[in-house]
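Engineer: A predicted structure for the sequence below; I have some questions about it.
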Amino acid sequence: MVATATIGTIPALTEWQPGAVPLTGDERFEIVSTGSATTAASYQMRMSNIPKVAGVLPAAIPGTDDLMMFLDTTSGQPRSTLVGNIGVLSGGNMPAGGNTGQLLGKLSATSFDANWLGSNSSSVIYVAKNGTNTSDGIFPWLPKLTIQAAVTAAEALIAAGASAAQVNVLDTGTYVEDLVQSTGILLWAPGATLVGTLSLNVGSYTRLYKHYPGAATSVMVDLSSDSGDRSVYQAVEVDGRGTTGALAGSTLFRNRTSGRIFVATADVAIVPQNGVGVVDGAVAAGFGHIHCHFADLYLAGDSAVGVLANNATSNIIGYIDHILEIGTPANTVGVSITNATAVVKLTVSELIADTAYTVAGSTSFYMQCPRIEGTRVGTANLAIVTPSAASA
């Protein structure tokens, strides 16, 4: 007699636990060919006959005798073929820097001479410390080793027709290199640390964890291109003292464009001895300017300057919680405006420096700040919002 049960009344078995069922004996399970247990033919299989699949597959380059699975759209059934049977089309233009055997997808449905693109349809290049620059970098498991190599590969994607390309840094490593980032490149490295300079073109985006200069008197983030749209930089910490804490003279952010916008954001920005936090030194007249958004802008060495406007067309807009000294530096300056026609507009919660601000001529300097401590030099066209009792 065959016992039956109403579906839904059979209690569910607990999930299999490692070691609960030995796979070395004669244990078997039954396979029923239909949904009716009372009429169906059934079969059995030894549990030890089921092959195990490795939890992590090692990376490897396929050989021509290896098989690749694909879906036969005519029959709707899965099929396989030798990797060597998948040929690269010979017609059309190969993308710049393309490799032999690269999978290609065609943009045009009619012309076989137009716009071949690489298989990286997502336009993402990956970077990791276990990578190699001989890799294409289009897969997370085969990343490039350096950010600049990935940026170069991303530039090739844009040259081949992509409107933008992204460089993804997969780990929390420290990358010691000077970078040149082109228009349309998105550098996404929220866990990584960069040691070196970053030269931006307008229309780029950068996200870092930490950023240090590679040498003294460096410009850590520099925007000088006047083509494209605005450029955006974000980091948790930007420290001009370097990884050793001893470097001097570096500028954290500089905008040198006359007609473009630079948005610089950092939770913590640390200005070293003889260094500058933010400077807008446009080389020609125009609307180009820099936005700076900092939680803390620290003056961490003698003669450190938080905000500097030193050009006739300088234009700086900032929202800063604190401009403060750390340690006991001398001759610090919160805001320095050395050109009479520069424009600076700041909202600051607290400004404490040896010289809170120094202003040249009839400069347009506007600042909202409830607490200012330090010498004030220059009064022309100032709009300072602060209780007089808070001044020192």
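Structural biologist: That came through fine.

Engineer: please give the element, helix or strand, for Ala266.
Structural biologist: strand 261-271 (DSSP states H and E).

Engineer: quick one: Thr74 from Leu82, how far?
Structural biologist: 20 Å (C-beta to C-beta, to the nearest Å). In short, each C-beta sits where N, CA and C put it, glycine included.

Engineer: and those two? Which one has more around it.
Structural biologist: Higher neighbour count among Thr74 and Leu82: Leu82, with 13 against 6, using other C-beta atoms under 10 Å.

Engineer: spell out which residues sit in contact with the more buried one, please.
Structural biologist: Counting by C-beta atoms under 8 Å, 6 or more residues apart in numbering, Leu82 makes contact with Thr64, Asp65, Asp66, Leu67, Met68.

Engineer: show me the residues you listed that map onto strands.
Structural biologist: Leu67, Met68 (DSSP state E).

Engineer: of the contacts of Leu82, keep whichever come out buried.
Structural biologist: In the contacts of Leu82, burial by neighbour count holds for no member, counting by 16 or more other C-beta atoms under 10 Å.

Engineer: quick one: which of the contacts of Leu82 has the lowest pLDDT value?
Structural biologist: Model confidence across those bottoms out at Thr64, which has 70.

Engineer: bridged to the closest residue to Cys292 other than its chain neighbours, which residues?
Structural biologist: Of all residues not flanking Cys292 in the chain, Gly318 sits nearest, at 4.3 Å (C-beta to C-beta, 6 or more residues apart in numbering). Beta-bridge pairing of Gly318 under DSSP bridges involves Cys292, Leu346.

Engineer: for Gly318, which residues are in contact?
Structural biologist: Neighbouring residues of Gly318 by C-beta under 8 Å, 6+ apart: Val278, His291, Cys292, His293, Phe294, Val307, Val344, Lys345, Leu346, Thr347, Val348.

Engineer: measure it to Ala309 for me?
Structural biologist: 11 Å.

Engineer: now swap in Ser250 and tell me
Structural biologist: 18 Å.

Engineer: before we move on, back to that, ok, so of the contacts of Leu82, who is nearest Ala165?
Structural biologist: Met68 (27.0 Å; C-beta to C-beta).

Engineer: what about the stretch 101-250 of the chain, any weak spots by pLDDT?
Structural biologist: 101-121, 225-229 (pLDDT under 70).

Engineer: let me see the ranges of the helices in it.
Structural biologist: 147-159 (DSSP state H, counting those that start in this stretch).

Engineer: please enumerate the strands of it.
Structural biologist: 104-106, 116-118, 124-127, 165-169, 174-176, 179-181, 185-195, 198-200, 205-212, 219-223, 231-239 (DSSP state E, counting those that start in this stretch).

Engineer: ok, which of those comes nearest Leu145?
Structural biologist: strand 124-127 (7.2 Å).

Engineer: give me the contacts around the closest one.
Structural biologist: With C-beta under 8 Å, 6+ apart, strand 124-127 has contacts from 137-140, 142-147, 149-151, 153-154, 157, 165-170, 175, 189.

Engineer: and the contacts of Leu82 as TSV, adding distance to Leu223?
Structural biologist: Shown next, in TSV, are those (distance: C-beta to C-beta, whole Å):
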residue	distance to Leu223
Thr64	49
Asp65	52
Asp66	48
Leu67	51
Met68	46
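
Engineer: just the closest of the contacts of Leu82 to Val263, please.
Structural biologist: Val263 has its nearest neighbour among the contacts of Leu82 in Met68, at 45.6 Å by C-beta to C-beta.

Engineer: from Pro78, how far out is the closest one?
Structural biologist: Taken as C-beta to C-beta, the span from Met68 to Pro78 is 11 Å.

Engineer: go on, Val307?
Structural biologist: From Val307 to Pro78 the distance is 63 Å (C-beta to C-beta).

Engineer: does Thr338 touch Val305 like I think?
Structural biologist: No - using C-beta atoms under 8 Å, Thr338 is not in contact with Val305; the gap is 10.0 Å.

Engineer: neighbour count for those two, which is higher?
Structural biologist: Taking neighbours as other C-beta under 10 Å, Thr338 and Val305 compare with Val305 leading, 24 against 15.

Engineer: who touches the more buried one in this structure?
Structural biologist: Val305 makes contact with Val271, Gly275, Val276, Gly277, Leu299, Thr332, Val333, Ser336 under the criterion C-beta under 8 Å, 6+ apart.

Engineer: likewise Asp239?
Structural biologist: Lys210, His211, Tyr212, Gly245, Val268, Ile270.

Engineer: from Gly137, how far out is the residue lying closest to the fourth one once chain neighbours are set aside?
Structural biologist: Once flanking residues are discounted, Gly245 sits nearest to Asp239: 7.9 Å by C-beta to C-beta, 6+ apart. Computed with C-beta to C-beta, the distance linking Asp239 and Gly137 is 29 Å.
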